[in-house]
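# 3D model of this:
(one chain, ligands or ions: 1)
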Amino acid sequence: MSRNSDTALITGASGGIGLELARIHASKGGNLVLVARSGDKLDALKTELETQFGVSAVVIIQDLATPHAALNIFEKTEALGLEIDVLINNAGFGGHGLFHEQTLANTQAMMQVNIAALTELSHYYLTGMVQRQRGRILNVSSTASFMPGPLQAVYYATKAYVTSFTQAIAEEVAAHKVTATALCPGAVATGFVEAGNLEGVGIWKHARSAASAAQCGYKAMEKGELVAFNEAKLRFLVNWLVPLLPRRVVLGLSRQAMEKP
Ligand SMILES: NC(=O)c1ccc[n+]([C@@H]2O[C@H](COP(=O)([O-])OP(=O)(O)OC[C@H]3O[C@@H](n4cnc5c(N)ncnc54)[C@H](OP(=O)(O)O)[C@@H]3O)[C@@H](O)[C@H]2O)c1
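Numbers count the residues shown, from 1 in each chain. As a prediction, this is how the structure comes out:
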């Protein structure tokens, strides 16, 4: 696909991987709908992309943790007469610590953003894509989706949902010329670390850049790949080692990776 006039809706476009995905899409001449809570950051990005690439960007300020967030967004794009050709469900956040010690409000918000909003947005926009027989979905998941994650139990579980859901809908809509891709990054240097209270966790010492993770995901989406990894060694690890190791060993290693010094 990748017609230059494609309009992409990107959640979590105010920073990190989502912002870089927006830059890539705009650099190809595509228009954008930018979604997040930080209106000032979205406005600055809109100005940057419109000035630099001559595209048009619409800002929607929306907290995805609130019920009906996806419906609000869908109704806004419908009212503007926008056809969404590319849906990028990127917004998400993690957390650190024992599950029972986390506030339930934070856990519920995480499930709402990482799972419910992503699912509902996919529902609303996929219907139009199937009718038009063209469209792409990129869901930003994680290598965390391939194993349980002590000290990030709910986050890892939400990402397992994302990778599973994405592959299943990809198969369902393949005959309609619509693709769905799950991007599964390893550690990436973004606001994710601070937002999730993950400072000091070792794996982020060697984090990749948001721009490189976004390039990997965007390319995979253009090719209609099912699952994309931004690090070859992580692809090997989760596909060939994790499934063969005893569960207790996986749990121990997974916990170790999330321990703070
Ligand atoms: N960084 C990593 O190591 C890593 C690794 C694997 C996967 N990922 C995944 O990559 C995706 C992007 O994260 P990132 O690393 O780029 O982190 P980030 O820099 O913290 O960006 C997260 C984005 O999500 C938005 N967001 C968070 N909560 C929201 C809410 N309630 N409503 C609306 N928007 C919300 C944020 O915008 P506002 O704050 O303005 O609302 C921000 O634009 C996430 O799904 C994350 O799980 C990250």
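# what about the host helix or strand of Ile137, near the ligand?
Secondary structure from DSSP states H and E places Ile137 in strand 135-140. Yes. Using C-beta under 6 Å from any ligand atom, we find that strand 135-140 touches the ligand at Val140. Heads up, the C-betas are built off the backbone N, CA and C, glycines and all.
# what is the rounded mean pLDDT of that strand?
For strand 135-140, the mean pLDDT works out to 98.
# Output the set of residues of the protein in proximity to the ligand.
Counting by C-beta under 6 Å from any ligand atom, the chain comes close to the ligand at 12-18, 36-38, 41, 63-65, 90-93, 113, 140, 142, 185, 187-188, 190-192, 195, 210.
# Can you pull out the low-pLDDT segments for the chain?
1-4 (pLDDT under 70).
# measure stretch 140-159 end to end?
With C-alpha to C-alpha, to the nearest Å applied, stretch 140-159 spans 9 Å between its terminal residues.
# hmm, back to that, ok, of the residues of the chain next to the ligand, which come out buried?
Neighbour-count burial (16 or more other C-beta atoms under 10 Å) applied to these gives 12-18, 36, 41, 64-65, 90-93, 113, 140, 142, 185, 187-188, 190, 192, 210.
# Just the ones of the residues you listed in strands?
The strands, defined by DSSP state E, take in 36, 140, 188 from these.
# Backbone torsions only: list them for Leu183.
Dihedral pair for Leu183: phi -90, psi 130, per degrees, to the nearest 10.
# That one and Asn230 touch, don't they?
Yes. Using C-beta atoms under 8 Å, Leu183 is in contact with Asn230, at 7.5 Å.
# Need the overlap of contacts for the two.
213, 216-217 (C-beta atoms under 8 Å, 6 or more residues apart in numbering).
# how about the residues you listed in TSV, adding neighbour count?
Formatted as TSV, these follow (neighbours: other C-beta atoms under 10 Å):
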residue	neighbour count
Ala213	28
Cys216	19
Gly217	29
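# Relative to Gly30, which of those is nearest.
Gly217 (14.8 Å; C-beta to C-beta).
# helix/strand/coil for the closest one?
Secondary structure assignment for Gly217 (DSSP: H, G, I helix; E, B strand; the rest coil): helix.
# could you list every residue that touches it?
Neighbouring residues of Gly217 by C-beta under 8 Å, 6+ apart: 17, 21, 138, 140, 181, 183, 185, 228, 230.
# about what we covered before: show me what the strand holding Ile137 is packed against.
Counting contacts by 3 or more C-beta pairs under 8 Å, 6 or more residues apart in numbering; DSSP states H and E, strand 135-140 is packed against helix 16-27, strand 86-89, helix 118-132, helix 153-173, strand 178-184, helix 210-223.
# Quick check: of the shared contacts of Leu183 and Asn230, which lies closest to the ligand?
Ala213 (7.5 Å; C-beta to the nearest ligand atom).
# now stretch 128-139, how far from the centre of its chain.
17 Å (C-alpha atoms, centre = their mean, to the nearest Å).
# start the count at 51, not 1, going forward
Yep, numbering from 51; the last one is stretch 178-189 now.
# Which residues belonging to it are considered buried?
Of all the residues in stretch 178-189, those buried under the rule 16+ other C-beta under 10 Å are 178-180, 184-189.
# before we move on, back to that, JSON lines for the contacts of Gly267, including distance to Met271?
Shown next, in JSON lines, are the contacts of Gly267 (distance: C-beta to C-beta, whole Å):
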{"residue": "Ile67", "distance to Met271": "13"}
{"residue": "Leu71", "distance to Met271": "9"}
{"residue": "Leu188", "distance to Met271": "4"}
{"residue": "Val190", "distance to Met271": "10"}
{"residue": "Thr231", "distance to Met271": "5"}
{"residue": "Leu233", "distance to Met271": "8"}
{"residue": "Pro235", "distance to Met271": "14"}
{"residue": "Ala278", "distance to Met271": "8"}
{"residue": "Asn280", "distance to Met271": "13"}
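# Pull out the buried positions in the helix or strand harbouring Glu98.
For Glu98, the host element (DSSP H and E) is helix 89-103. Buried residues in helix 89-103, counted by 16+ other C-beta under 10 Å: 91-92, 95-96, 99, 103.
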